[in-house]
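**Student:** Fold the following.
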Amino acid sequence: MLKIAIIIGSTRPGRRGEAVAQWVHEIAQKRSDAVYELVDIAAFNLPLYDEPNPPLMARYTKPHTIAWSEAIKSFDGFIFVTPEYNHAIPGALKNAIDYLFNEWKDKAAGIVSYGGGTGGARAAENLRLILGELHVADVRAQVTLSVFTDFENYSILKPAPRQEAAVNTLLDQVLSWSGALKVLR
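**Tutor:** Numbering: from 1, shown residues only. Here you go, the predicted structure:
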């Protein structure tokens, strides 16, 4: 059975990402087509990239990098949950992604973004560029949550009913591509 990580891409205190990721996880748990697991980058305490070798070489020297590598390489695909900060993903998410290469390669990813007027769509586009460089197949479906319409008082997640269907479409595509790419891993 395929194993999919739902990655919380923000480490900010008071972040909305944890609630969004838990909501996605709850929807995924209603399915029986894969194993879904929450992965919080904050739990890995990754400093700014501090390895002496490029990630492509996979010669890690730091315990935090080894733990991060072990966690990520165990998955067949990913759902990234990211806020939009200044038209891009948070620095902490970019840093966490940059720590690894082979662990991401030839896997599929979907994106759930949240933010102001565009629901984090610009962060999602930024993330797609990064994932492409890592040989990650990002799927077409995307979930965008607006702090104006999908959050009560800009802080409590209350997604519109249509959003659950969007998450399921996203999960369908990630699973399809994750399965297809398995032969390359």
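**Student:** got the contact list for His135?
**Tutor:** Contacts for His135 (Cβ atoms under 8 Å, 6 or more residues apart in numbering) come out as 104-106. Glycine gets a C-beta too; all of them are placed from N, C-alpha and C.
**Student:** can you rerun that using 7 Å?
**Tutor:** 105-106 (Cβ atoms under 7 Å, 6 or more residues apart in numbering).
**Student:** What's the separation between it and Gly77?
**Tutor:** According to Cβ to Cβ, to the nearest Å, His135 and Gly77 sit 13 Å apart.
**Student:** now the helices for the protein?
**Tutor:** Assigned by DSSP state H, the chain shows helices spanning 17-29, 63-73, 91-98, 121-133, 162-181.
**Student:** Next, count neighbours for Lys62.
**Tutor:** 15 (other Cβ atoms under 10 Å).
**Student:** which residues does the residue nearest the centre of the chain bridge with?
**Tutor:** Centroid check for the chain by Cα atoms, centre = their mean gives Phe80 as the closest residue, at 1.4 Å. Taking DSSP bridges as the rule, Phe80 bridges to Ile7, Ile111.
**Student:** Contacts only, for it.
**Tutor:** Applying Cβ under 7 Å, 6+ apart, we find Phe80 in contact with 7, 9, 109, 111, 127.
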